[in-house]
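> model this:
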Amino acid sequence: MNPNQRLKHEREQRGWSQSKLAGLVGTNPATIGRWERGISLPYPFHRERLCELYGKDARELGLVEEATAQNNEPEQKPPLHNSAVPFIFDPAIPLPSMETSTLVGRDTLLEQLKQQLYAEGTFAVSALHGLPGVGKTALALTLAHDGEVQKHFADGILWVGLGIEPEIQELLGRWGALMGLPANEITDIKHTDEGARTLQALIGRRRMLLILDDVWNIDDALAFLVGGPNCAYIVTTRFPQVGMQIAANQFTVVPELSEEDGITLLARFVPTLAEQDAATAQRLVQSVGALPLALVLVGKYLRSQAYNEQPRRLRSAISYVSTIEQRFGLSEPHRPAQPHPSLHDGTPLSLRSLILLSTSRLDEQARAMLRTLAVFPAKPDSFSEQAATAIGTQPVETLDRLCDAGLLESSGPERYMLHQTIVDYTRMQMGEHETMLYRRLVEYVVSYVEEHVHDYNALAREHHIISMALEEAYSRVMLVEYVRGVCAFAPFLSMRGLYDQARRLLQQAEQAMQCAQAPRDPDRIAKILFHLGHLATLQSEYALAETYLQRSLQYTNQAQQGYLFLTCLGALVAKRGDYARAENYLQEAIRLARGLEEPEVICQALTELGHVMIRKGNYERAAILLQEGLDLANQLEYKKQRSHLLTELGMIAESKENHAQAYSYFRETDQV
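Predicted coordinates:
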């Protein structure tokens, strides 16, 4: 071949260097030099680009061989898909395992991803974000091996596993070789930008799917966004910001499986377990938060131990994987031909190794906060930003770094969640910090409950955390904090009908106050007994309730809180028909409350005493008491108590045939 002077002339006429032209065409200067010296001809996609740049056809630029030059047919643009070009299926695409070749519980998500990839006229990219082991790569693999996807992307599917520190130049060169770039031209490519432009020109208008697996850095991913207008991308990453920067609205969070789907996946390995012991299967799924990788590792271990169908071995294996430390030790080796992008050679795939990749990149402040968060229960429970920063003693921005690392999930304004596997992993890392962290949790929760003792919505929102913190206080012999928390929490539990939990906590609190480690606190014991009495009253156990309330009076300082107990005791014995004792208790309660200027208790005691007078048939006395109670309720703006008192007064007036007065009371009730 002769030197191509026309091509060289066009370049020099525009004052372009070979490097400048290489950048515009998508190749390297050495290749430009070979074209101009006549050593080689450009590929069709490069030729098309040169024609566009110079505004001339291939004949005028000397870019076709003589036989082609003599052809009078006008040059045609290459078709969208050339059936003569073989379909490229990247050999780096891992083979799915036999058990997971068909994903469980992902049908809807797969269909959604296909629709994103098939979108015409847009930058079709699907970024999959989720926890380590949630199945992002498995979804990408399923799409790569899907016949419908392969038919749509008729020119091929490319795959790259990036990981933490990818060899970008080498990986781009591998894609170039798959696209037919000669080895000598791959060697000549010295810079990432040059390699990316060359690949983009090679791909041209081909319809291809490019899969970028395990992306850690946005810059690494950008180097492989080299497809043309007819290409689409799948990007998997554990970092939400990476996914959002690449895909914007096509950013998809891959959730863990539902409990039902988790049991189905586990049954692929040990079908007899789900069939014969559904409760154990459910417990195992819950223990790993239905995380697919964890279920696969657990399932494979159980299968390896139960192959000979001996129940004893299966029971032993179940016991083994029920322990957090043993479960995190489960692993499977890598196939040398399909290494994990982020794991060093020889490092087995396990929950421990995958989570460690993320935690090892955190700064010490973020690691300390993550240890703190492990004291909270796992999702679906959430915890507040206030609680996290108070217990962790770290800036709120530390939570942002954990979210950015893909380890912490947002659960609404100023609330967060941790997956069960992250909680378990982090609790194993607590070490010497454990006692301190749980003490901080208990102290924070007890103060929170005491501060919000009348705010039942706030207590309901943190119900599980409060319950867990109280159990920790009891087991760690933090008896003072435990009793304080139980006394403040018991009214909420009783109001919500959680009688069993309330009784258990209160009885443990009573026992705790009898321990040698607990300081002698008669007022605290009296409160516990009072709450037990109130609880027994709600459950119509009147004899037991009276016993508790009588005992509470033995411990209390009557000048301080005896009026509360006397009011409840009076109401209780009235229900049992002992009106004389009830009257005595309630009058004493009113006397004490007046002395201490406690209008709330006075109002309640007057109401109860009015009821006693009604039952004794003393309506005149009842009306006086109830009216005094109504005046106090109006002052205190107690709507519920006011409505109740108005109804009682109306019924008394009606019994006296004072219809006008009764009507006035009832009408006022409607306006409350």
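> thought residue 237 was touching residue 215, still the case?
Yes - under the criterion of C-beta atoms under 8 Å, residue 215 is in contact with residue 237, at a separation of 4.3 Å. (C-beta placed from N, C-alpha, C; glycine too.)
> what sits in contact with each of those two?
Here residue 215 and residue 237 have residue 221 as joint contacts, going by C-beta atoms under 8 Å, 6 or more residues apart in numbering.
> what residues of the helix or strand in which residue 262 is found count as buried?
Remark: residue 262 resides in helix 259-267, with elements defined by DSSP states H and E. For helix 259-267, the neighbour count (16 or more other C-beta atoms under 10 Å) marks 261, 262, 263, 264, 265, 266, 267 as buried.
> check stretch 494-502 too.
494, 498, 501, 502.
> contacts for that stretch, please.
Counting by C-beta under 8 Å, 6+ apart, 456, 460, 467, 490, 493, 531, 534, 535, 538, 539 sit against stretch 494-502.
> please redo it, this time with the cut-off set to 10 Å
456, 459-460, 463, 467, 470, 486, 489-493, 503-506, 531-532, 534-539 (C-beta atoms under 10 Å, 6 or more residues apart in numbering).
> so who does the most centrally placed residue in the chain touch?
Centroid-nearest residue in the chain, with C-alpha atoms, centre = their mean: residue 409, separated by 4.2 Å. Contacts for residue 409 (C-beta under 10 Å, 6+ apart) come out as 131, 240, 253, 255, 379, 382, 402-403, 415-419, 422.
> now with 7 Å?
379, 416, 417 (C-beta atoms under 7 Å, 6 or more residues apart in numbering).
> do you know how far the closest residue to the first one other than its chain neighbours is from residue 354?
Distances taken as C-beta to C-beta, 6 or more residues apart in numbering place residue 417 nearest to residue 379, at 3.9 Å, with adjacent residues excluded. Residue 417 sits 19 Å away from residue 354, taking C-beta to C-beta, to the nearest Å as the criterion.
> next: residue 531.
47 Å.
> lowest average confidence across helices and strands of the protein, where is it?
Least confident helix or strand of the chain, by mean pLDDT, DSSP states H and E, is helix 66-69 with a mean of 42.
> ranges for the strands of the stretch 251-400 of the chain?
251-253, 331-332, 349-350, 383-384 (DSSP state E, counting those that start in this stretch).
> same check, this time on the chain
Assigned by DSSP state E, the chain shows strands spanning 88-89, 125-129, 156-163, 208-215, 232-237, 251-253, 331-332, 349-350, 383-384, 409-410, 415-417.
> dump those strands to TSV, plus mean pLDDT and distance to residue 141.
Formatted as TSV, the strands of the chain follow (pLDDT from 0 to 100; distance: least, C-beta to C-beta, whole Å):
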stretch	mean pLDDT	distance to residue 141
strand 88-89	94	12
strand 125-129	92	11
strand 156-163	96	9
strand 208-215	96	9
strand 232-237	95	10
strand 251-253	91	16
strand 331-332	88	16
strand 349-350	90	14
strand 383-384	96	35
strand 409-410	94	25
strand 415-417	96	28
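> right, so of the ones you listed, which gets closest to residue 397?
Counting by C-beta to C-beta, residue 397 lies closest to strand 415-417 out of the strands of the chain; the figure is 13.5 Å.
> for that closest one, which strands pair with it and how are they oriented?
strand 383-384 (antiparallel), strand 409-410 (antiparallel) (DSSP bridges).
> out of those strands, the one nearest residue 572 is which?
strand 383-384 (38.3 Å).
> okay, now the residue nearest to residue 166 when sequence neighbours are not counted: neighbour count?
Nearest residue to residue 166 in three dimensions, chain neighbours excluded: residue 220, at 5.5 Å (C-beta to C-beta, 6+ apart). Residues within reach of residue 220, counting by other C-beta atoms under 10 Å, total 21.
> residue 220 against residue 162, yeah?
Yes - contact status for residue 220 versus residue 162: in contact at 5.1 Å, counting by C-beta atoms under 7 Å.
> of the strands paired with strand 415-417, which stretch is the most buried?
Among the strands paired with strand 415-417, strand 383-384 has the highest mean neighbour count (mean count of other C-beta atoms under 10 Å), at a mean of 20.
> show me where the stretch 301-450 of the chain dips below the pLDDT cut-off.
By pLDDT under 70, the low-scoring segments of the stretch 301-450 of the chain are 334-338.
> which parts of it are helices?
311-321, 324-329, 351-359, 364-373, 385-392, 397-404, 420-428, 434-451 (DSSP state H, counting those that start in this stretch).
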